[in-house]
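Student: coords please:
(one chain, ligands or ions: 1)
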Amino acid sequence: MIRSLRPKVLSAAILASLLTAHASAQNPRNKPALPSDPATAAWLAPYRTVADRLIANAKESGGKFAWDRLAYFTDTFGPRISGSSNLDATLRWAEAEMKKDGLENVRLEPVMVPQWIRGDESLEIVEPFPNKVPILGLGGSVSTRAEGVTGELMVVKSFEELTARKDEARGKIVLFNALYTNYGETVRYRGGGASAAAKVGAVAALVRSVGLPGMRTPHTGGMRYEDGAPKIPTAAIPVEDADRFDRMAKRGQKVVLRLKMDARFLEDAPSANVVGELRGTEKPEEIILLGGHIDSWDPGTGAMDDGGGCVVTWEALRILKTLGLKPKRTIRVVLFTNEENGGAGGNGYRDAHRSELANHILALESDSGVFRPAGFGFTGSDAARKTLTEIASLLKPLGAHTIGAQGGGADINPSVTAGKIPSASLDVEPTKYFLLHHTPADTVDKIDPKDLGDNAAAIAFLAYVIADLPQPLPRIQ
Ligand SMILES: [Zn+2]
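Tutor: As a prediction, the model looks like this:
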């Protein structure tokens, strides 16, 4: 539905003819009105044709290959929670596809992952009237007893309010109704709400979904029990229901809820990171690392989070290969496993590649959606930031020329920290990300093929130029 609301995208050919018509109307002598960017550094002149080729290729293809690839595997294998046979099938498929693309050193690097199973779950209003509420149990939660846990609802907006009213919490089901501000601030309630509530005697914890209001859709996500705190079951409810319960509490209306959850951990399971490369022609031992995470939460098909991130970084290598653009350093793509509920893929990569982390020139992760390009976030030295800013100036036609204040990503951060590697993230237009994040609505129809193509071209250009630099990017000392 969201895609159908977009204005129709003009084809590149129509757009070009409109621009030409406009230019000649404005310019009676009919000279081509080519804007030159005075900000572009002189050293980049030889790369202008590379940028032009990648951009032209993206416009011509409209991202079709990347979108078809993303649609194929998210439709076929579905959600890919760690330890699932869906994820295993995806890993094997991705390995075979990378080989078909002609990438080098394609391999699965084994990692053990935790295996959490959601099972059946439900939340019912018992009083004042019977009514079901849509929920998603939080990843890592324990189950309830078979008959469920029943308790009176207590609504708080913060940890501070819970502490202030702790004497009221015994035997209750506590709802943390923290309004969404930003992810980092609000996600604390999803992560730590259960233990905070358990410590004051609550029997279960609910959390207002961490995200934007949607169509009464709960958002799942990881949680963690504090050492020493009792383990109580915990789930997310839609924003709309959190608001309803809050209104009822303010009116003094008593609400009794019954939560049933069958969630549990199984034994840790074998999984893997999928790795493929374009080997560098001059300094193959020096690496530009690109990637996203191939696992997802279980309700949707993880097309945005993070199938899209995997596909655009992978696509960057495929396009370079297709266009015959050979990098001087190695460009490596890694589809990391187990980002969502453990981080075993990111930690496993750091451990398996510890001896070559010093040779990683840049690490880039795409895990913030693959919508309209904005540029890159970056964490590194001022000198490296200047280089990235100059490179990105050639990506203006894609809108991918802004270098934001911070880069990195959950999968690359363990390596970035251990190896002091300059780190980047793909930055995109952010509006839709926290609408869809960790919901059943995270499906491929929300993603515009053109955006995939443009993001892949932007990543390919950045990686190619950095692979070509005479000196590696300066590190933070
Ligand atoms: Zn993600």
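Student: interface residues of the chain facing the ion?
Tutor: Contact residues (Cβ under 5 Å from the ion) of the chain with the ion: 305-306, 367. For glycine as for every other residue, the C-beta is placed from the backbone atoms N, C-alpha and C.
Student: Most neighbours out of these, which is it?
Tutor: Asp306 (32 neighbours; other Cβ atoms under 10 Å).
Student: ok, now which ones touch that one?
Tutor: Asp306 is in contact with 292-294, 296, 339, 366-367, counting by Cβ atoms under 8 Å, 6 or more residues apart in numbering.
Student: wait, is it part of a helix?
Tutor: Yes. With DSSP: H, G, I helix; E, B strand; the rest coil as the criterion, Asp306 is part of a helix.
Student: List the single closest residue to Gly409 in space, sequence neighbours excluded.
Tutor: Glu365 (2.6 Å; Cβ to Cβ, 6 or more residues apart in numbering).
Student: List the beta-bridge partners for that neighbour.
Tutor: Gly291, Ser425 (DSSP bridges).
Student: For it, grab the count of nearby residues.
Tutor: Other residues lying near Glu365 total 30 when counted by other Cβ under 10 Å.
Student: Does it touch Pro414 like I think?
Tutor: No. Applying Cβ atoms under 8 Å, one finds Glu365 not in contact with Pro414, separated by 11.5 Å.
Student: I'd guessed Thr220 sits against Leu138; true?
Tutor: Yes. Using Cβ under 8 Å, Thr220 and Leu138 qualify as a contacting pair, with a distance of 6.2 Å.
Student: quick one: common contacting residues for these two?
Tutor: What both Thr220 and Leu138 touch, as defined by Cβ under 8 Å, 6+ apart, is the set Ala236.
Student: Looking at these two now, which is surrounded by more residues?
Tutor: Legend: neighbour count by other Cβ under 10 Å for Thr220 and Leu138, higher for Leu138 (30 against 27).
Student: Once you drop chain neighbours, what's closest to that one?
Tutor: Nearest in space to Leu138, with sequence neighbours left out and distances taken as Cβ to Cβ, 6+ apart, is Met223 at 4.1 Å.
Student: how about the helices in the stretch 1-150 of the chain?
Tutor: Applying DSSP state H, counting those that start in this stretch to the stretch 1-150 of the chain gives helices spanning 12-26, 48-61, 64-77, 85-100.
Student: Could you give the number of residues near the residue nearest to Leu138?
Tutor: Met223, neighbours per other Cβ under 10 Å, totals 24.
Student: list the contacts for Ser296?
Tutor: Applying Cβ under 8 Å, 6+ apart, we find Ser296 in contact with 79-81, 302, 305-307, 340, 442.
Student: same thing but 7 Å
Tutor: Applying Cβ atoms under 7 Å, 6 or more residues apart in numbering, we find Ser296 in contact with 79-81, 302, 305-307, 340.
Student: hmm, which of the residues you listed are the buried ones?
Tutor: 79-81, 302, 305-307, 340 (16 or more other Cβ atoms under 10 Å).
Student: any chance of those in TSV, with pLDDT too?
Tutor: Below are the buried ones among the contacts of Ser296 laid out as TSV (pLDDT from 0 to 100):
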residue	pLDDT
Pro79	98
Arg80	98
Ile81	98
Gly302	98
Asp305	98
Asp306	98
Gly307	98
Glu340	98
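Student: element containing the spatially most central residue of the chain, please.
Tutor: Relative to the mean C-alpha position of the chain, the nearest C-alpha, by Cα atoms, centre = their mean, is the one of Asp367, at 2.6 Å. Assigned by DSSP states H and E, Asp367 belongs to no helix or strand.
Student: Arg188 too?
Tutor: Using DSSP H and E, Arg188 sits within helix 183-199.
Student: What residues sit buried inside that helix?
Tutor: Buried residues in helix 183-199 (16+ other Cβ under 10 Å): 186-199.
Student: Output the longest helix belonging to this structure.
Tutor: Ranked by number of residues, the top helix in the chain under DSSP state H is helix 449-468.
Student: now it against helix 64-77, angle please.
Tutor: Here helix 449-468 points in a direction 110 degrees away from that of helix 64-77 (axes from the mean of the first three to the mean of the last three Cα atoms, to 10 degrees).
Student: Rounded mean pLDDT for helix 449-468, please.
Tutor: Averaged across helix 449-468, pLDDT comes to 98.
Student: just stretch 201-221 next, same as before
Tutor: Averaged over stretch 201-221, pLDDT sits at 96.
Student: Mind listing what's buried along it?
Tutor: Across stretch 201-221, burial judged by 16+ other Cβ under 10 Å covers 201-212, 214, 217-221.
Student: Next, the distance between the ends of it.
Tutor: 24 Å (Cα to Cα, to the nearest Å).
Student: ok, whichever residue of the stretch 351-477 of the chain sits closest to the ion - contacts?
Tutor: The stretch 351-477 of the chain approaches the ion most closely through Asp367 (4.3 Å), counting by Cβ to the ion. Neighbouring residues of Asp367 by Cβ under 7 Å, 6+ apart: 292-293, 306, 309, 409-410.
Student: In the residues you listed, which residue is surrounded by the most others?
Tutor: If you count neighbours using other Cβ under 10 Å, the busiest of the contacts of Asp367 is Asp306, which has 32 neighbours.
Student: re the thing from before, among the buried residues of stretch 201-221, which are in strands?
Tutor: 204-208 (DSSP state E).
Student: sorry, back to before: could you report the pLDDT at the residue nearest to the centre of the chain?
Tutor: Asp367 is given a pLDDT of 98.
Student: same deal with Ile14?
Tutor: Per-residue confidence at Ile14 stands at 34 (pLDDT).
Student: returning to what we had before: could you tell me the angle between the helix holding Arg188 and strand 204-208?
Tutor: Interaxial angle of helix 183-199 relative to strand 204-208 (the same axes, to 10 degrees): 160 degrees.
Student: gap between helix 183-199 and the chain center?
Tutor: Distance of helix 183-199 from the chain centroid (Cα atoms, centre = their mean, to the nearest Å) equals 21 Å.
Student: ok, back up a step: can I get the buried ones among the contacts of Ser296 in TSV with distance to Leu103?
Tutor: Shown next, in TSV, are those (distance: Cβ to Cβ, whole Å):
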residue	distance to Leu103
Pro79	26
Arg80	21
Ile81	26
Gly302	22
Asp305	24
Asp306	19
Gly307	18
Glu340	25
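Student: Check the ones in strands among the buried residues of stretch 201-221 and tell me the two furthest apart.
Tutor: Ala204 and Arg208 (14.7 Å; Cβ to Cβ).
Student: residue contacts, His219?
Tutor: 136, 209-211, 236, 437-439.
Student: Now do it against Pro134, distance only.
Tutor: Distance from His219 to Pro134, counting by Cβ to Cβ, to the nearest Å: 11 Å.
Student: next one: Leu335
Tutor: 31 Å.
Student: Which one's more surrounded, the two?
Tutor: Leu335 (29 against 16).
Student: element containing that one, please.
Tutor: Assigned by DSSP H and E, Leu335 falls in strand 329-336.
Student: Now the helix or strand that that strand is followed by: buried residues?
Tutor: Using DSSP H and E, the helix or strand that follows strand 329-336 in sequence is helix 344-352. If you call a residue buried by 16+ other Cβ under 10 Å, then helix 344-352 has these buried ones: 344-350.
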